[in-house]
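Asks: This is a predicted model, with the sequence first.
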Amino acid sequence: MNRDDLFRGFEPPPPPPGLREAALRAGRAAMAASPAPDRWTALFTSRSLRVAWLTAVLVLTFAHARVPREGRAVVTAAGAELELTEVAQLSRLAENSPRAAAGFALEGGPL
């Protein structure tokens, strides 16, 4: 069997007649038409959208200026509180456990 005969059925079919002319005609029509305005152009040409944008900016600016500065919480560094120390101790082996007596330690000691 010849190799050309084996792969003859895998050739792509020819394009339909008139496809090239139809594609070029559609491309010419699209190039001749005026493009649709993008969102920024619509924003700058529409008076109602500009008023809505200005209103939103003014409301946000006013709300930011009205927030009381003296009522804000002061964040400080976390100290070594008792509860935090107890939680940190949970990961270590107890001093009186049999493993600690045998020489095993979880943090910083011999294994």
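Replies: Yep, that arrived. Residues are numbered from 1 along each chain as shown.

Asks: ok now do residue 14, which residues does it touch?
Replies: Residues near residue 14 by C-beta atoms under 8 Å, 6 or more residues apart in numbering: none. Placement of C-beta: from N, CA and C, glycine included.

Asks: Please, which helix or strand holds it?
Replies: In this structure, residue 14 sits in neither a helix nor a strand according to DSSP states H and E.

Asks: Equivalent analysis for the one 10 residues further on, please.
Replies: With secondary structure defined by DSSP H and E, residue 24 is part of helix 19-32.

Asks: Over that helix, what's the mean pLDDT, rounded is fine.
Replies: Mean per-residue pLDDT for helix 19-32: 95.

Asks: and the helix or strand just after that helix, C-alpha only, in CSV?
Replies: Next helix or strand after helix 19-32 toward the C-terminus (DSSP H and E): helix 39-45. Taking C-alpha atoms only, helix 39-45 is exported to CSV below (Å, rounded to 0.1, in the frame of the first residue of the first chain):
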residue,chain,number,x,y,z
ARG,A,39,-17.3,53.6,27.0
TRP,A,40,-15.0,56.6,27.7
THR,A,41,-16.4,58.4,24.7
ALA,A,42,-19.9,57.6,25.8
LEU,A,43,-19.1,58.9,29.3
PHE,A,44,-17.6,62.2,28.1
THR,A,45,-20.4,62.9,25.5
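
Asks: what comes into contact with helix 39-45?
Replies: Outside helix 39-45, the residues that reach it (C-beta under 8 Å, 6+ apart) are 37, 49, 50, 53.

Asks: Which pLDDT does the model give the closest residue in space to the second one that isn't next to it in sequence?
Replies: It stands for residue 49. For residue 49, ignoring the flanking residues on the chain, the nearest one in space by C-beta to C-beta, 6 or more residues apart in numbering is residue 43 at 5.0 Å. pLDDT, residue 43: 79.

Asks: try residue 111
Replies: 47.

Asks: Make 96 the first number, not 1, from now on.
Replies: Let's use 96 as the start, then, which means that last one is residue 206.

Asks: could you measure residue 144 against residue 104, distance?
Replies: Applying C-beta to C-beta, to the nearest Å, the value for residue 144 to residue 104 is 59 Å.
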